[in-house]
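> Following is a predicted model, sequence given first.
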Amino acid sequence: MEVNLPDVKAEVEAAFMRYEAALMANDADTLQAIFWNSPHTIRYGIGENLYSWEEIGAFRHARSPVGLQRTIFRTVITTFGRDFATASTLFERASAPNKIGRQMQTWARTAEGWRVVAAHVSLIEAA
């Protein structure tokens, strides 16, 4: 298996930045489109456990846009072959002072393109 093929890594980086832009714009439809449309898709959030594309979408469309702005750093995207990748990043939000956010996503190439198939978001105390 080849790790971080340049063309594949560029594709996943672009997909990740599309996700980030949609998150900052609270574009629920684009965020939903980025996740794999499957009952197997999972997103563990800061205050919610979502099992399925439908639950994720319901959460996204009901969530308040207040406090979503963030600054990301230490983003690491690693690709494995041509069809699988992980994206990990840290973030800070003014709405969560003295906290560091952590986000991990598992991406897979589907017939529709790169999709998040599993995600986890959490907060910890800033060091």
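Okay, I see it.
> Which positions are bridged to the nearest residue to Asn4 once chain neighbours are set aside in the beta structure?
Nearest non-adjacent residue to Asn4, counting by Cβ to Cβ, 6 or more residues apart in numbering: Thr79, 5.4 Å away. Every residue, glycine included, has its C-beta placed from N, CA and C. As for beta bridges, Thr79 partners with Ala85 under DSSP bridges.
> Just give me the longest helix of the chain.
Under DSSP state H, the helix in the chain containing the largest number of residues is helix 6-24.
> average pLDDT for that helix?
Mean pLDDT, helix 6-24: 98.
> partners of the most centrally placed residue in the chain in the sheet?
Most central in the chain under Cα atoms, centre = their mean is Gln105, positioned 5.0 Å from the mean C-alpha point. Beta-bridge partners recorded for Gln105 (DSSP bridges): Ala87, Ala119.
> any idea what sits nearest Glu54, other than its immediate chain neighbours?
Per Cβ to Cβ, 6+ apart, closest to Glu54 is Pro39, 7.7 Å.
> And Glu48, by the same measure?
Leaving out its chain neighbours, the residue that sits closest to Glu48 by Cβ to Cβ, 6+ apart is Phe59, at 6.0 Å.
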